[in-house]
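> need a 3D model of the sequence below.
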Amino acid sequence: MAEADMRHRGLLDQLVRPLPWNPASGEPSMVIQREWIVTNGLGGYASGTVCGLNTRRYHGTLVAALPNPLGRIVMLNRVQERVITAADQLIRLDVEECADGLHAEAARHLLEFRLEAGLPVWRYAVPGAEIEKRLLMVHGQNTVHVRYVLVAGDAPLRLELRPAVHFRSYEGAVSLPLHQHHLLTAESDHITIGADSSVPCLRLNVYGEASTFELHRERLDGIVFSLERARGYDFEGSLWTPGHFRVVLTRDKPVSLVASSESWDIANVIATDDAPRTERERRRRLLALAPVTSTIEPAAELVLAADQFLITPVGRHAEAARARAIADEVRTVIAGYHWFTDWGRDTMISLEGLTLVTGRHREAGFILRTFARYVRDGLIPNMFPDGSNEGLYHTADATMWFFHALDRYVQATGDRDTLALIVPVLRSIVQCHVRGTRFGIGVDERDGLLHEGAEGYQLTWMDAKVGDWVVTPRRGKPVEINALWYNALRLFAGWLEEFGYADEARDIAARAELAWRSFNARFWYEPGGYLYDVIDGPDGDSTEFRPNQLFAFSLHHPVLEPSRWKPVLDKVRERLLTPVGLRSLAPGSPGYRAKYDGDLRARDAAYHQGTVWGWLIGPWIDAYLRVYPDDRAGARRCLDGMLGAMSQFGVGTIAEIFDAEEPYTPRGCIAQAWSVAETLRCLAKVEPARSGTR
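Residues are numbered from 1 along each chain as shown. Okay, here's the model as predicted:
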């Protein structure tokens with residue numbers, strides 16, 4: 001075996017993130033509030049709490065990514081796990097919450113939870129024995145493997161594994177009625193469950209000693225999803241179970257439960273004994289691709305976390321056919337788990353950290369070419385709703401981030417062919433913005449700055465909306481939109497010059513120069529010594545102190561005059577910087593919210609009104625190094641809180657947002673693409689001599 005292969009196999013062995021748990025003295029919230037997730041490269045996943053309690057409608061042992069218009073469907077909600085000891089003692093390993101409380105004391109048999117190379121492992125103690133459970137998904141399939149191993153104790157144990165289902169969209173309310181009729185086909189050790197001809201069947205098989213299936217249909221009522229209740233949604237529902245598998249577990253014969261929405265010939269391509277080795281080898285190759293894993297200790301775990309967001313969308317058959325016709329592929333980025341789909345803005349911001357730092361340059365090219373094909377009226381899609389082939393275009397900044405992502409890609413790969421392919425698209429984008437396009441997006445010819453805004457739309461990254469209420473409309477000329485516009489113009493002028501369009505390049509450069517002069521004349525708020533957040537809005541110029549001003553000197557081409565970089569940085573450090581990113585609004589401001597909790601309206605009122613965003617640690621470090629280029633150690637310290645957050649919420653990954661004040665409780669999605677991507681990117685940036693990356 002090559003030395004590099006040996007090194008990465010050894011590194012894989014070292015990637016263990018333990019979450020020790022003492023059932024006698026531990027805090028139950030540790031295993032109830034912390035969650036795990038495993039993904040399949042299609043947008044499907046398996047996820048739950050560490051203790052096994054499903055607290056969200058999004059939790060499930062198999063949430064399959066199905067072709068449009070189905071989208072993601074909860075196929076297997078949970079598996080009830082019971083152990084019968086040699087002394088005929090019945091032990092329940094899983095936990096279930098009902099209206100009258102927990103059916104079993106939370107995790108009383110759980111000894112330890114840990115991630116090994118990003119995959120979850122549970123260790124349980126039962127009288128006279130210990131059992132280890134592992135879970136993985138087959139990459140590129142809606143198939144999950146749950147494996148049980150007897151790691152201590154010599155006497156055989158009997159397992160009872162009872163699948164429970166409620167076929168519904170992962171966004172569907174848990175209170176939706178169960179299907180009236182479930183079509184069940186059972187044959188010794190495997191079963192097939194169907195509920196609706198439009199949804200694939202769920203196939204289940206148990207591999208092990210003396211495996212059988214006992215038919216016992218039952219409706220399980222009164223099941224409570226506590227986080228849905230806290231978030232103001234329907235929280236009580238029902239599941240249906242067809243019966244249970246019985247199988248013998250011995251020291252030399254593990255037990256595997258396989259659940260799949262694929263046909264059996266696909267689901268069985270990877271044998272149960274081969275699945276762990278196959279997935280482990282895939283993960284080793286991911287580490288081998290990424291230069292940062294060789295020398296930066298925390299980076300390897302982030303590389304595996306980044307992999308969760310890179311997917312092949314299963315539903316866009318027409319787009320896939322077009323891509324194949326030109327020997328290309330369709331790739332995209334899931335913005336966050338559990339409930340986000342692919343978003344243009346998040347994809348472009350995350351691209352460098354998810355693909356370029358990880359050595360996945362080919363996939364970066366796929367993503368850029370895919371989005372270039374979706375440009376309409378000079379805009380890339382803001383998002384693709386789950387189950388839909390059509391994008392939504394209500395964004396003023398995602399298209400500007402497209403220029404940024406393309407620049408990072410070309411710098412990393414030197415791929416001029418892709419750049420040449422996309423330059424005509426960029427030309428159409430600039431032309432549409434100059435003459436004006438949808439949602440009031442266009443250039444003000446008087447000052448060369450970009451304006452945006454349409455009644456009822458949220459067009460910047462601060463995009464919370466409840467019903468008709470746009471919480472942070474920011475109509476007018478937002479500061480980061482114009483920083484991005486200037487950066488895009490400078491990049492485009494350079495590319496035009498490179499490809500021989502000298503006259504056009506001069507015209508674009510002149511536009512950039514006008515925007516630069518106007519920005520520095522118009523955006524500086526002299527009484528405060530910082531930048532306006534929005535100018536020329538319906539209510540005039542906004543003096544709200546927000547992190548958006550950092551983009552004026554964090555991007556490749558800074559639009560802000562250099563003498564003002566340090567004053568802005570100092571004020572952002574004083575008012576917005578936290579250990580886990582930047583506050584979205586300074587404390588003391590009207591509308592400031594210290595906590596992100598409550599029902600949807602309360603949460604959205606806080607979403608960009610103080611709530612800390614992890615991804616903003618990226619532009620903070622970029623801006624910091626612009627002011628202090630030699631203080632990489634200081635920049636590196638800013639990442640300690642982000643790395644520490646990897647055990648607090650979604651274990652092994654990084655949350656979307658955090659409360660604005662101590663203890664900075666993680667909130668929102670348990671795993672967010674740009675939180676992971678920007679942390680990984682900045683790790684590579686602050687240690688370039690060691691990592692070999694820019």
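> how much space separates the residue lying closest to L93 once chain neighbours are set aside from L257?
Residue nearest to L93 in three dimensions, not counting chain neighbours: E81, with 4.1 Å by CB to CB, 6 or more residues apart in numbering. For every residue, glycine as well, the C-beta is placed using N, CA and C. When distance is defined by CB to CB, to the nearest Å, E81 is 9 Å away from L257.
> ok, now T578?
Per CB to CB, T578 is found 42 Å from L257.
> so for these two, which residue has more residues nearby?
L257 (27 against 19; other CB atoms under 10 Å).
> my read: the more buried one touches L204, true?
Yes: using CB atoms under 8 Å, L257 makes contact with L204 at a distance of 7.0 Å.
> rewinding a little: which ones are touching the residue nearest to L93?
By CB atoms under 8 Å, 6 or more residues apart in numbering, the contact list for E81 reads 52, 92-94, 133, 159-161.
> cool, and R474?
453, 459-460, 462, 533-534, 537, 542.
> quick one: buried ones out of those residues?
Buried members of those, scored by 16 or more other CB atoms under 10 Å, are 453, 459-460, 462, 533-534, 537, 542.
> what residues go with each domain of the chain?
Here the domain parsing of the chain from automatic domain parsing is 19-273, 312-429.
> returning to that earlier point: overlap of the contact sets of E81 and L257?
In contact with both E81 and L257: L161, using CB under 8 Å, 6+ apart.
> strands along the stretch 501-650 of the chain, start to end?
All strands of the stretch 501-650 of the chain, identified by DSSP state E, counting those that start in this stretch, fall at 524-525, 530-531, 534-537, 540-542, 577-578, 581-583, 612-613.
> could the ones you listed be laid out in a markdown table, adding distance to T293 and mean pLDDT?
Below are the strands of the stretch 501-650 of the chain laid out as a markdown table (distance: least, CB to CB, whole Å; pLDDT from 0 to 100):
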| stretch | distance to T293 | mean pLDDT |
| --- | --- | --- |
| strand 524-525 | 43 | 98 |
| strand 530-531 | 38 | 98 |
| strand 534-537 | 41 | 98 |
| strand 540-542 | 43 | 97 |
| strand 577-578 | 28 | 98 |
| strand 581-583 | 24 | 98 |
| strand 612-613 | 26 | 98 |
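> which of those sits closest to E504?
Closest approach to E504 among the strands of the stretch 501-650 of the chain (CB to CB): strand 534-537, 28.3 Å.
> report the distance from the closest one to the chain centre.
32 Å (CA atoms, centre = their mean, to the nearest Å).
> kindly provide the distance from the nearest residue to R331 once chain neighbours are set aside to V314.
Leaving aside its sequence neighbours, R331 sits nearest to F366 (CB to CB, 6+ apart; 3.9 Å). Using CB to CB, one obtains 15 Å as the distance from F366 to V314.
> do L304 as well
Counting by CB to CB, the gap from L304 to V314 is 22 Å.
> next one: P478
P478 sits 35 Å away from V314, taking CB to CB as the criterion.
> who's more crowded, the two?
P478 (31 against 23).
> bridged to that one, which residues?
V534 (DSSP bridges).
> give me the distance between it and W674.
19 Å.
> ok, Q80 next?
Per CB to CB, Q80 is found 37 Å from W674.
> name the next helix or strand downstream of the host helix or strand of the residue nearest to R331, please.
In the assignment (DSSP states H and E), F366 maps to helix 361-372. Proceeding N to C from helix 361-372, the next assigned helix or strand is strand 383-384, under DSSP H and E.
> neighbour count: Q80 and W674, which is higher?
Applying other CB under 10 Å to Q80 and W674 shows that W674 carries more neighbours, namely 31 against 19.
> part of a helix, is the more buried one?
Yes: under DSSP: H, G, I helix; E, B strand; the rest coil, W674 falls within a helix.
> looks like it contacts T347 (just checking).
No: the pair W674 and T347 does not pass the contact test of CB under 8 Å, sitting 9.0 Å apart.
> what's the end-to-end length of stretch 140-156?
Distance across stretch 140-156, first residue to last, is 35 Å (CA to CA, to the nearest Å).
> what's the distance between it and the middle of its chain?
Relative to its chain's centre, stretch 140-156 lies at 27 Å (CA atoms, centre = their mean).
> mind listing what's buried along it?
140-150, 153, 156.
> in strands only, show me those.
If you go by DSSP state E, the buried residues of stretch 140-156 have 143-150 in strands.
> may I ask which two of these are separated the most?
Maximum distance among those (CB to CB): 24.1 Å, for T143 and L150.
> quick check: longest strand of this protein.
Per DSSP E, the chain has its longest strand at strand 209-224.
> what lies in contact with that strand?
In contact with strand 209-224 (CB under 8 Å, 6+ apart) are residues 54, 96-100, 156, 164, 174, 178, 182, 184, 186, 188-191, 206, 235-250, 253, 255.
> average model confidence for the next helix or strand after it?
Next along the chain after strand 209-224, taking DSSP H and E as the criterion, comes helix 226-230. Averaged across helix 226-230, the pLDDT comes to 94.
> who does the helix or strand just after helix 226-230 touch, helix- and strand-wise?
Sequence order places strand 236-249 as the next helix or strand after helix 226-230, per DSSP H and E. Judged by 3 or more CB pairs under 8 Å, 6 or more residues apart in numbering; DSSP states H and E, the packing partners of strand 236-249 are strand 78-84, strand 143-152, strand 157-164, strand 183-187, strand 202-207, strand 209-224, strand 255-260.
> on that earlier part again, ok, and the most crowded of the contacts of E81?
Using other CB under 10 Å as the neighbour criterion, G52 leads the contacts of E81 with 26 neighbours.
> so who does that one touch?
78, 81, 93-95, 107, 122.
> over to A420?
Counted by CB under 8 Å, 6+ apart, A420 has contacts F499.
> what residues sit buried inside the helix or strand where it lies?
In this structure, A420 sits in helix 416-435 according to DSSP H and E. By 16+ other CB under 10 Å, the buried positions in helix 416-435 come out as 418-419, 422-423, 425-427, 429-430, 432-434.
> just curious, which of the contacts of R474 is nearest to R34?
Closest to R34 out of the contacts of R474 is M462 (28.6 Å), distances taken as CB to CB.
> would you agree that closest one falls within a strand?
No: counting by three-state DSSP, M462 is not found in a strand; it is coil.
> pLDDT below threshold where in the chain?
Residue ranges of the chain with pLDDT under 70: 1-9, 25-27, 96-106, 188-189, 294-295, 316-317, 387, 688-694.
> so which residue is smack in the middle of it?
G336 (2.6 Å; CA atoms, centre = their mean).
> show me what that residue is bridged to.
Beta bridges link G336 to Q672 when assigned by DSSP bridges.
> which residues does it contact?
Counting by CB under 8 Å, 6+ apart, G336 has contacts 309, 346, 656, 668-669, 671-673.
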